[in-house]
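**Student:** This is the structure alone, sequence omitted:
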Ligand code: HAM
């Protein structure tokens, strides 16, 4: 039986055209992270399952993780996210490191999900995390990076929005105002996380099953109606929680000063599915109706290092996937065209005995940082230009019998159509034209 040519379900082959797109996406991520002083790191593809069991949440562990027992009886998983790995790595070195630590990475991650638009089983995720930043400046910086990244792809606030919440507020509402127990609070988080994806009846049924008093249920539904930063601030203040309301208001003022406020919107249903978040949480959404998926998610996690018996160290970060990002750029016509590769020169010869001269010329041009494609066989004149187009070159060189006899080449600029006859050995003159 013939083997299947297709990649494993939910994974992708990156043919050169797709790989060029991916390289472009990654290069903008790297440039943006480095422009904020973030340093690149990486970790292993496999981690012990325990690492995710600690705080990543039941959905990830029960439904999404790829796990197996290795030959040494260790229960391991292919990384479904990067945050536990970065926390593990930071826990090894943070004592000796000056803070804040600013790190970024673009790992491939695997989650067993039903493949559909925006959801696959292997995706690459841009991760930026800052550890040990004072106050809420880490949160502000991570949001600034997110905005800057999208701007570097050519997007603005007509294309995307950042929906934001604060888990400290959610905890206050659930535990203090509604008097929910730890277990009820946990269930309410899971309900809120799903609130936008289910019907009103389903929501009411789930809330009813939590076993809250009528008053608490009413508070819960009022909370779900909050629609702006002003709403939430007044809701907390009028219910006697001025302290937390002021802290949140100060953060919003900070985002105004950092010029990112126009992208932000309060949303009570943003709580994030991962259990380690403790403070500000956010998700970035495409405003285009065809692509209403989260492009990016992140937030503050104060206690993740404690799973390694370390002192708490404030962490804040974001994760942004390559699949939803590409959909976003395509739907808004922001993705440059990568149909053909980009090269500088196609070196051709029209007689068989031109091969050696062509190879020598190509070699010396490559040493001058040019991308050179050689034809490897004598090419008839009319075949040169279709090949040049496919290779995306700016120049071609031609060497027919006449040029060969005189030790010359023809150098043609494909944009201006200008053509120069040049001495084959006069590399300086050749390069001057190409680099002009
Ligand atoms: P997350 O919300 O699970 O967060 O994932 C972040 C982003 O990764 C999503 O918004 C989405 O763009 C992309 N993504 C996730 N799963 C898939 C999938 N199956 N297919 C395609 N894209 C996907 C985290 O993973 C956190 N660890 C992020 C973080 C970093 N928080 C702090 N630092």
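**Tutor:** Arrived safely, thanks for sending. Because the structure is a prediction, the values reported are computed rather than measured.
**Student:** Longest helix of the chain, counting residues only.
**Tutor:** Longest helix of the chain, by residue count under DSSP state H: helix 16-35.
**Student:** helix, strand or coil for residue 373?
**Tutor:** Assigned by DSSP: H, G, I helix; E, B strand; the rest coil, the conformation of residue 373 is strand.
**Student:** Confirm for me that it is in contact with residue 343.
**Tutor:** Yes - applying CB atoms under 8 Å, one finds residue 373 in contact with residue 343, separated by 5.3 Å. The way it works is simple: take the backbone N, C-alpha and C, and place the C-beta from them, glycine included.
**Student:** who touches both of those two?
**Tutor:** 391, 393 (CB atoms under 8 Å, 6 or more residues apart in numbering).
**Student:** So for those two, which sits in the more crowded spot?
**Tutor:** Neighbours were counted for residue 373 and for residue 343 using other CB atoms under 10 Å; residue 373 has more, 20 against 16.
**Student:** Now name the helix or strand holding the residue of the stretch 101-250 of the chain found nearest the ligand.
**Tutor:** As assessed by CB to the nearest ligand atom, the ligand sits closest to residue 123 within the stretch 101-250 of the chain, at 3.8 Å. In this assignment (DSSP states H and E), residue 123 forms part of strand 122-131.
**Student:** Is it correct that residue 296 falls within a strand?
**Tutor:** Yes - inclusion of residue 296 in a strand is indicated when three-state DSSP is applied.
**Student:** residues contacting the nearest residue to residue 118 once chain neighbours are set aside?
**Tutor:** Leaving out its chain neighbours, the residue that sits closest to residue 118 by CB to CB, 6 or more residues apart in numbering is residue 293, at 4.0 Å. By CB under 8 Å, 6+ apart, the contact set of residue 293 is 117-119, 285-286, 324, 327.
**Student:** Go through those and name the one nearest residue 66.
**Tutor:** Of all the contacts of residue 293, residue 119 has the smallest distance to residue 66: 15.2 Å, by CB to CB.
**Student:** Verify the stated contact: that closest one with residue 323.
**Tutor:** Yes - counting by CB under 8 Å, residue 119 touches residue 323, with 7.4 Å between them.
**Student:** Which residue of these two possesses the greater neighbour count?
**Tutor:** The neighbour count for residue 119 versus residue 323, taken as other CB under 10 Å, is higher for residue 323 (18 against 15).
**Student:** can you pull the contacts of that one?
**Tutor:** For residue 323, the contacting residues are 118-120, 123, by CB under 8 Å, 6+ apart.
**Student:** What parts of this structure come near the ligand?
**Tutor:** 81-83, 111, 113, 119-120, 123, 125, 127, 129, 274, 294-298, 317-321, 323-324 (CB under 6 Å from any ligand atom).
**Student:** PyMOL command for the buried members of the residues you listed?
**Tutor:** Selection of buried members from the residues of the chain next to the ligand for PyMOL, criterion 16 or more other CB atoms under 10 Å:
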select buried, resi 81+82+83+111+120+123+125+127+129+274+294+295+296+297+298+317+318+319+320+321+323+324
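**Student:** quick one on the thing from earlier: in strands, which of the contacts of residue 323 fall?
**Tutor:** Residues of the contacts of residue 323 located in strands (DSSP state E): residue 123.
**Student:** Pull the number of nearby residues for the residue lying closest to residue 100 once chain neighbours are set aside.
**Tutor:** Excluding the flanking residues, the one nearest residue 100 by CB to CB, 6+ apart is residue 133, at 4.2 Å. If you count neighbours by other CB under 10 Å, residue 133 ends up with 20.
**Student:** any idea which element residue 133 lies in?
**Tutor:** Assigned by DSSP H and E, residue 133 falls outside every helix and strand.
**Student:** That one: what's it in contact with?
**Tutor:** Contacts of residue 133 (CB under 8 Å, 6+ apart): 99-100, 141, 314, 316.
**Student:** Next: residue 217.
**Tutor:** The neighbourhood of residue 217, defined by CB under 8 Å, 6+ apart, consists of 207-208.
**Student:** which ones are touching the closest residue to residue 86 other than its chain neighbours?
**Tutor:** Closest residue to residue 86 apart from its sequence neighbours, by CB to CB, 6+ apart: residue 129 at 5.4 Å. Applying CB under 8 Å, 6+ apart to residue 129 gives the contacts 83, 86, 102-104, 142, 315-318.
**Student:** Now render those as TSV, adding secondary structure and pLDDT.
**Tutor:** Below are the contacts of residue 129 laid out as TSV (DSSP: H, G, I helix; E, B strand; the rest coil; pLDDT from 0 to 100):
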residue	secondary structure	pLDDT
83	helix	97
86	helix	97
102	strand	98
103	strand	98
104	strand	98
142	helix	98
315	strand	97
316	strand	98
317	strand	98
318	strand	98
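**Student:** farthest pair in these?
**Tutor:** Every pair of the contacts of residue 129 checked by CB to CB; the farthest is 83 and 102, at 15.0 Å.
**Student:** domains of this structure?
**Tutor:** Per automatic domain parsing, the structural domains of the chain span 13-157+292-339, 160-286, 345-435.
**Student:** want to throw the ones you listed into CSV with distance to residue 4?
**Tutor:** Below are the domains of the chain laid out as CSV (distance: least, CB to CB, whole Å):
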stretch, distance to residue 4
domain 13-157+292-339, 12
domain 160-286, 33
domain 345-435, 30
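**Student:** hmm, who's touching stretch 2-11?
**Tutor:** Defining contact as CB under 8 Å, 6+ apart, one finds that stretch 2-11 is touched by 13, 113, 115, 120-122.
**Student:** Equivalent analysis for stretch 170-180, please.
**Tutor:** Residues from elsewhere that reach stretch 170-180 (CB under 8 Å, 6+ apart): 184-185, 188-189, 192, 210, 212-213, 216, 219-220, 223, 236, 239, 241, 244, 268, 271.
**Student:** Mind checking which of those are buried?
**Tutor:** Burial of the contacts of stretch 170-180 was assessed by neighbour count (16+ other CB under 10 Å); the buried members are 184-185, 188-189, 192, 210, 212, 216, 219-220, 223, 236, 241, 244, 268, 271.
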